[in-house]
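**Student:** Build the 3D model from these lines:
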Amino acid sequence: MRILVTGASGFVGSTLIPRLYGDGHAVRALGRDLDRVSGALAGAFSALTGAAGLEGGGEVEAVRGDVLSGDGLARALADVEVAYYLIHSMERSPAGSLQFAERELIAAENFAAAARNAGVRRIVYLGGLVPVRGAQTAGAPAGAQISRHLASRMQVEQVLLEAVADSLALRASIVVGARSRSFRLLVHLVERMPVLALPAWQGFRTQPIDARDVTAMLVACATTPLSGRYLDIGGPDVLSYGEMLKRIAELMLVSRPAVKLGVNVTAIAARVAAAIVGEDPELVVPLMEGLHGDLLPAEHHAAKLLGVQLHSFDSSVEHALAEWESVERLAAR
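**Tutor:** Have a look, this model is predicted:
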């Protein structure tokens, strides 16, 4: 079938495209910068095949388009049966411009309308896990609200699912992969902090999932008979954020004693963390705003429904670190 992948130069999109192509689909890649798309696909096909060059990526059709303005969407979606929406940005907004949640909503509405008009059969979206309604996590403030980041993802999901009836959404928390920004944040914290000062959110739990498993589930979404719903996805291990940092340190073979602060100071802690890892606070603050309780799948059968065998957290981290070190040295090692 003909498939469109948006966000083709990003972490998830560039990993997904070679898998879809390898399964025999005709793949079209959408991006604002075709040079970035070509570079990302060259690297992804090379990593998958172990050979230099695109190894098939040259037959992936790259098209220029912008979901925020709507430019190029009609052409990109022409004759497409399944469209993957893998766009989510939290980068700093220029002064006087729309904030990220507003940009995300406009972009989703533009894409949803164009997909519906083009007769697309299914949209597949990768969003974020949200707290289970009615559940109160030990240590979480009573009445804690969903973060701006997660609220935006839910809003985008609703727009896309309502636009095309046969659509599917996957909801994940931390994706463990060499290019995952949330995973890289954790690794850099371990790498650059001789003592891990952990706010109260270090005790909240989630189920990190291997990037390879996310890709496999996304591939399955193209053809599964499931439709018109979302699926919570997570790895097999339930871990607190503090436990994740400890396990990452152990797998990196470094010693990092931890000090529990006992209070949540999200605005300050996020900016300190951003400075330590050299990341934009506009990314880190929204991520940490979501750490007010457990982020766990409400159901645990997505992997079975989609026919995916899950990797353990340790296996996921080891694979991600090895892939990371193949292109960039980790100072802590």
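**Student:** need the strands for this structure, in chain order.
**Tutor:** Counting by DSSP state E, one finds strands in the chain at the ranges 2-5, 26-31, 61-64, 82-85, 122-128, 168-172, 175-176, 196-198, 205-206, 209-210, 229-232, 239-240, 258-260.
**Student:** Name every strand pairing with the longest one and say which way it goes.
**Tutor:** The reference is to strand 122-128. Here strand 122-128 has these sheet partners by DSSP bridges: strand 82-85 (parallel), strand 168-172 (parallel).
**Student:** Tally up the residues packed near Asp79, please.
**Tutor:** By the criterion of other Cβ atoms under 10 Å, Asp79 has 12 neighbours. Glycine gets a C-beta too; all of them are placed from N, C-alpha and C.
**Student:** and if you look at Pro225?
**Tutor:** Neighbours of Pro225 (other Cβ under 10 Å): 6.
**Student:** Surely Gly228 and Asp166 touch.
**Tutor:** Yes. Judged on Cβ atoms under 8 Å, Gly228 makes contact with Asp166 at a distance of 6.4 Å.
**Student:** picking that back up, and the strands paired with strand 122-128, which is most packed in?
**Tutor:** strand 82-85 (a mean of 27; mean count of other Cβ atoms under 10 Å).
**Student:** Arg192 and Ser182: what is the separation?
**Tutor:** 16 Å (Cβ to Cβ, to the nearest Å).
**Student:** More neighbours: those two, which one.
**Tutor:** Ser182 (16 against 13).
**Student:** Please name the residues that touch the spatially closest residue to that one that is not a sequence neighbour.
**Tutor:** Nearest residue to Ser182, sequence neighbours excluded (Cβ to Cβ, 6 or more residues apart in numbering): Ile174, at 5.0 Å. By Cβ atoms under 8 Å, 6 or more residues apart in numbering, the contact set of Ile174 is Ser180, Ser182, Phe183, Leu186, Thr206, Pro208, Ile209, Met244.
**Student:** mind showing which ranges of the chain have poor pLDDT?
**Tutor:** The chain contains residues with pLDDT under 70 at 49-58, 89-97, 132-145, 197, 199-201, 259-292, 331-333.
**Student:** Since that was my last question, I'll sign off now.
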